[in-house]
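# let me see the structure of the following:
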Amino acid sequence: MNPFHMLIPEASSLAPRIDALFWVMVALCGLVALGVFGAMIFFCVRYHRGHGADRTGWEAGSLGVELTWTLVPFAMFVAVFVWSLFLFADARTPPADARTLYVVAKQWMWKVQHPSGQREINTLHVALGQAVRLTMTSQDVIHSFFIPAFRVKQDVLPGRYTQLWFTPTRLGTFPLTCAEYCGLDHSKMGGVVIVLSPAEFARWLRSHATDLSLAARGADLFRRSGCSGCHGSNATVHAPALEGVYGRSVHLTDGTTVRADERYLHDSIVLPNKQVVAGYAPVMPSFEGQLSEEDLLALIAYLKSISVPANGEEPP
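Down below sits the predicted model:
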């Protein structure tokens, strides 16, 4: 991996803002360090023992000088901190129209699933100018999804969903790597992000189309795994209805309320007794070890598809 990745051309909408913050921090820290060491060298040379400098009129201190060299650097660093807060919030809030892709990390590869069913390994095709939201999880250990040219990096954790987003601004092929030591072949866990024009990306999707979308595959798993026997509209078992569940507030038996996001749905499948819906007995069996992370992503995509409001927009 290039240790000078900040010198790589910027290729996403976030990259210029992240680079600007980085270089301002470098300049500010360099300025403060230069001032401190400059003052040290000046006083060491001028007032070293044996030097004939005039030492009369020495004062124990000056309140104005003390306040100046304390408050001015403090104000500059606070300003940079506030700037970084706004940038962090933007970097963690994908646009509402972002295209959601799913990533499963495993030793030692990246497996990507598109909503329309296309799958890739160690390659990610995206469209120029289109915001992309990645929902990611790991099948084994901690990994870290890193695209240097986009200035985005996010840890990918087993048993949890993390996300990052970006909007590509340059056509081309850009390296993708794992930035977290994940085992013997960690250095080989790489890939590429290929940015195509919208028209070329549409052609790529058509040429790699599959019979089943991710949500359709999830619907098939929903039936084959027996979920419909309890959660279906004609089920005799007293279980929560799942139509419209994604994005909704769910009341639990312990009196708390949670939002039914990807993480909640994931845990409800593999750890069903962790958060039991109010009014229902904890009788659901765990599917931990029976379904892969890819299967779980397909099931969640299906549950999201049956939760889309009448206006056709995905829940927040």
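# low-confidence regions, the stretch 1-150 of the chain specifically.
Counting by pLDDT under 70, the stretch 1-150 of the chain shows low-confidence ranges at 1-7, 53-61.
# quick one: the strands in it, in order.
For the stretch 1-150 of the chain, the strands defined by DSSP state E, counting those that start in this stretch cover 99-106, 109-113, 119-121, 123-127, 132-138, 143-147.
# which helices and strands sit right next to the helix ranked longest in the chain?
Taking DSSP state H as the criterion, the chain has its longest helix at helix 15-46. For helix 15-46, the elements it packs on are helix 63-91, judged by 3 or more Cβ pairs under 8 Å, 6 or more residues apart in numbering; DSSP states H and E. Bear in mind the C-beta positions are built from the backbone N, C-alpha and C, glycine included.
# returning to that earlier point: please identify the most buried of the strands of the stretch 1-150 of the chain.
Comparing the strands of the stretch 1-150 of the chain by mean neighbour count (mean count of other Cβ atoms under 10 Å), strand 143-147 ranks first with a mean of 24.
# that strand pairs with which strands, parallel or anti?
Sheet pairing for strand 143-147, assigned by DSSP bridges, gives strand 152-156 (antiparallel), strand 172-178 (antiparallel).
# what angle sits between it and strand 109-113?
Relative orientation of strand 143-147 versus strand 109-113 (axes from the mean of the first three to the mean of the last three Cα atoms, to 10 degrees): 70 degrees.
# tell me which residues touch Leu196, please.
125-128, 171, 204 (Cβ atoms under 8 Å, 6 or more residues apart in numbering).
# what is the nearest of those residues to Thr93?
Val126 (18.8 Å; Cβ to Cβ).
# for the closest residue to that closest one other than its chain neighbours, give the beta-bridge partners.
Leaving aside its sequence neighbours, Val126 sits nearest to Val132 (Cβ to Cβ, 6 or more residues apart in numbering; 5.1 Å). On the basis of DSSP bridges, Val132 takes part in beta bridges with Arg99, Phe166.
# flag the shaky bits of the stretch 151-300 of the chain, pLDDT-wise.
233, 235-236.
# if you set the cut-off to 80 instead, what comes out?
Applying pLDDT under 80 to the stretch 151-300 of the chain flags residues 211-212, 228-230, 232-239, 241, 289.
# tell me which stretches of it form strands.
152-156, 162-166, 172-178, 190-196, 249-251, 257-259.
# dump those strands to CSV, plus distance to Leu242.
What follows is those, written out as CSV (distance: least, Cβ to Cβ, whole Å):
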stretch, distance to Leu242
strand 152-156, 27
strand 162-166, 22
strand 172-178, 34
strand 190-196, 34
strand 249-251, 11
strand 257-259, 15
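# check contacts around the closest residue to Ser116 other than its chain neighbours.
Distance criterion Cβ to Cβ, 6+ apart; nearest residue to Ser116, sequence neighbours excluded, is Ser213 at 5.2 Å. Counting by Cβ under 8 Å, 6+ apart, Ser213 touches 115-117, 301.
# need the strands paired with strand 143-147 in TSV (columns: mean neighbour count and distance to Asp267).
What follows is the strands paired with strand 143-147, written out as TSV (neighbours: other Cβ atoms under 10 Å; distance: least, Cβ to Cβ, whole Å):
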stretch	mean neighbour count	distance to Asp267
strand 152-156	19	17
strand 172-178	19	25
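# to Lys111, which of those lies closest?
From these, taking Cβ to Cβ, the stretch that ends up closest is strand 152-156, at 11.2 Å.
# gap between the closest one and the chain center?
Distance, stretch centre to chain centre, for strand 152-156: 5 Å (Cα atoms, centre = their mean, to the nearest Å).
# before we move on, what about stretch 287-294?
With Cα atoms, centre = their mean, you get 22 Å for stretch 287-294.
# circling back to that earlier point, among the strands paired with strand 143-147, which comes closest to Ile306?
Comparing the strands paired with strand 143-147 by Cβ to Cβ, strand 152-156 comes nearest, at 26.9 Å.
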